[in-house]
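**Q** Here is the input, now give the coordinates:
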Amino acid sequence: MPAREPADQPEQTWSRQRLRSTNERLLLDRLRAAGSASRAQLARETGLSKPTVSSALAALADAGLVREVGTHTPERGRMAVLYAPDPAAGYALGIDIGRGWLRVAVANLDGEVVARSDVRNRARTSGAMAELVVDTARQVVAGSGAGRGEVAHAVVGTPGVYDEERRRVRYAMHLPGWGRAGLFDRMREELGIPLEVHNDANLAALGEYTYGVGAGSRLFAYILIGTGLGMGVVSEGRLFTGAHGGAGEIGFLPWPGRQKPETLEDAVSGVAVVESARAFGMTGQLTAKDVFEAARKEHPAAISAVRLEGERIAHTVAAAAAVLDPDLVVLGGGVGHSVDLLLRPVRETLRALTPLRPKIAPSRLGEDAVLLGALATALGTARDVVFERRSAS
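**A** Next up, the predicted model:
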């Protein structure tokens, strides 16, 4: 038999390493889905041999990626050790930047939130807002118990669309100066954590799909109604963002205003609710929350304003239904908190507008939808990063 060429040896070594890494990742993913399992269970479920499973689990345990969590004694057979992923092997950071509130949280690799802070966004400039984000994130990370470098990835949710090439946010109309280039580069540098930027409605849709009423939906649209108007679309579990990240910017659709052409965002938002209430006769300092609370107390002007808002939301749903044909439309954001008052006028108007009538439901996550979507997105990357980092070491 001819001698094997020396050049084959590095390739063989690389192939063995790759196979070991593939087996370890397969077992880790299986444990994450199952919660915990024994060697025998993992061998049955993955088709790997018991020696291969034992070797891979040992390597994962040495890397700090899995740990023993107990034992199981079947009716027949010997006691088996149960293994589970170690949630403290790494962490993910989620940030929701809104006009009124900044929400920041750290989750371990099991997705459990271990530290969180919600602070009023009183920043009046983009620089002050970036500083507030960095300071709050540092405080939350410090309170999470995560060691230096253990937060593997961060995701930020913001109004508008992040332009990766120009390093800035576009269309964030309600955050003054937020379109300035380099703000998120500054945050990355000061935090020392890899950081992605996503549209807030898109993250809310992912959060609702992962943790809320969107779970199991084939295609659903999340309509975020608050200071502004946005929509996130999840198809087959994946976010649809369009060619340039602008899919779901439904607020730019034209709306026939009384004085001048308006946009759908001008008609469907918290500001629009207040303007309608004033037009119907309400006075004093008002917020959308005030109007909805007054409607619950049967204030005539508030009831009329809420009904008008429901009719306008129906036009938004009709547009989404015609383009996307979703099986579910979720209403969320600040105005979405009062969906119980809005559902009837939305459905009645929708019946008059179109034969396309998807199921409509309120958000289960409320104001946490964007933050939880940011954490879910960050966790997906953090788990990969932690596995690669610890396996290599």
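**Q** can you give me the helices in the stretch 151-300 of the chain?
**A** Listed in chain order, the helices of the stretch 151-300 of the chain (DSSP state H, counting those that start in this stretch) span residues 183-191, 200-211, 264-267, 270-279, 288-296, 300-324.
**Q** Does anything pack onto the third one? Which helices or strands?
**A** It refers to helix 264-267. Applying 3 or more C-beta pairs under 8 Å, 6 or more residues apart in numbering; DSSP states H and E, one finds that helix 264-267 contacts strand 254-255, helix 300-324. To be clear about C-beta, it is placed using only N, CA and C from the backbone, and glycine gets the same treatment.
**Q** sorry, back to before: now, of the helices of the stretch 151-300 of the chain, which is deepest in the fold?
**A** The highest mean neighbour count among the helices of the stretch 151-300 of the chain, using mean count of other C-beta atoms under 10 Å, belongs to helix 200-211: a mean of 28.
**Q** That one - what's its average pLDDT?
**A** The pLDDT scores in helix 200-211 average 95.
**Q** Just the C-alphas of that helix, formatted as CSV.
**A** C-alpha atoms of helix 200-211 as CSV (Å, rounded to 0.1, in the frame of the first residue of the first chain):
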residue,chain,number,x,y,z
ASP,A,200,-38.5,48.4,16.4
ALA,A,201,-41.7,47.1,14.7
ASN,A,202,-39.7,44.2,13.2
LEU,A,203,-38.3,43.3,16.6
ALA,A,204,-41.7,43.5,18.2
ALA,A,205,-43.0,41.1,15.5
LEU,A,206,-40.2,38.7,16.3
GLY,A,207,-40.8,39.0,20.0
GLU,A,208,-44.5,38.3,19.5
TYR,A,209,-43.7,35.3,17.3
THR,A,210,-41.2,33.9,19.8
TYR,A,211,-43.0,34.6,23.1
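**Q** Throw the helices of the stretch 151-300 of the chain into a markdown table and include distance to Asn121, thanks.
**A** Below are those laid out as a markdown table (distance: least, C-beta to C-beta, whole Å):
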| stretch | distance to Asn121 |
| --- | --- |
| helix 183-191 | 14 |
| helix 200-211 | 13 |
| helix 264-267 | 20 |
| helix 270-279 | 15 |
| helix 288-296 | 17 |
| helix 300-324 | 24 |
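**Q** rewinding a little: closest to Pro194 out of the helices and strands packed on helix 264-267?
**A** Comparison of the helices and strands packed on helix 264-267 against Pro194 by C-beta to C-beta identifies helix 300-324 as nearest, at 31.9 Å.
**Q** can you give me the strands for the stretch 51-200 of the chain?
**A** Ranges of strands in the stretch 51-200 of the chain, per DSSP state E, counting those that start in this stretch, are 66-72, 80-85, 91-97, 101-108, 113-120, 151-158, 161-163, 168-170, 195-199.
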